[in-house]
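In: How does the following fold in three dimensions:
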Amino acid sequence: MLVRIEIAGPGAKARRLVFDDGGAPRETSAAAVKRLGIEEGTEVAREAVVAALSETEYGLAKERALRLLGYREHSAEELLRKLRDTGYPEAVAQAVVARFTERCGRLRASADPAGTGDARSLAGDHPQCAQ
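Out: All right, here's what the predicted structure looks like:
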């Protein structure tokens, strides 16, 4: 049974799901908790919640990344940090950033103080980003 849902992470956008089975809490995003309708006291097995989260988190993380990139350009590291801070697991955040880096990455000299053009930047207005 899901005993409680705690606020976690910077900005309070992550949620920590605590179960009564004594296992480690599972962290996820508030968006995933809302999308799946997860509530405290729900009689549900940890495995069922983890499976549902696994199916949902990638799509939600991709939507979050698109919203962030719509505001302004982000480096791959910055986007990864923001997704993790929102509660998405490391593997999900890395998969989303890898996808955007592959499709939308470009070199931006202005992000590199030395001006060598080594800093990766992801642009949200690139046509491939929305695919």
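
In: Can you check the pLDDT for residue 124?
Out: Looking at residue 124, its pLDDT stands at 46.

In: go on, residue 116?
Out: 40.

In: Do a quick rundown of the strands in this structure.
Out: Using DSSP state E, the strands found in the chain span residues 2-8, 14-19, 26-29, 105-107, 120-122.

In: Any idea which of those gets closest to residue 36?
Out: strand 26-29 (9.0 Å; C-beta to C-beta). Where C-beta positions appear, they are placed from N, C-alpha and C, glycine not excepted.

In: hmm, back to that, between the strands of the chain, which one is nearest to residue 83?
Out: Of the strands of the chain, nearest to residue 83 by C-beta to C-beta is strand 26-29, at 8.6 Å.

In: Now find how far off-centre the closest one is within its chain.
Out: Here the centre of strand 26-29 is set off from its chain's centre by 10 Å, with C-alpha atoms, centre = their mean, to the nearest Å.

In: Pull out the buried positions in it.
Out: 26-29 (16 or more other C-beta atoms under 10 Å).

In: Among these, pick out the one closest to residue 45, please.
Out: Using C-beta to C-beta, residue 26 is the member of the buried residues of strand 26-29 that sits closest to residue 45, with 12.2 Å.

In: Excluding chain neighbours, give the residue nearest to that closest one in space.
Out: residue 17 (4.6 Å; C-beta to C-beta, 6 or more residues apart in numbering).

In: Would you quantify the distance from residue 62 to residue 36?
Out: In this view, residue 62 and residue 36 are 17 Å apart by C-beta to C-beta, to the nearest Å.

In: and if you look at residue 47?
Out: Applying C-beta to C-beta to residue 47 and residue 36 gives a distance of 14 Å.

In: who has more neighbours, these two?
Out: residue 36 (17 against 9; other C-beta atoms under 10 Å).
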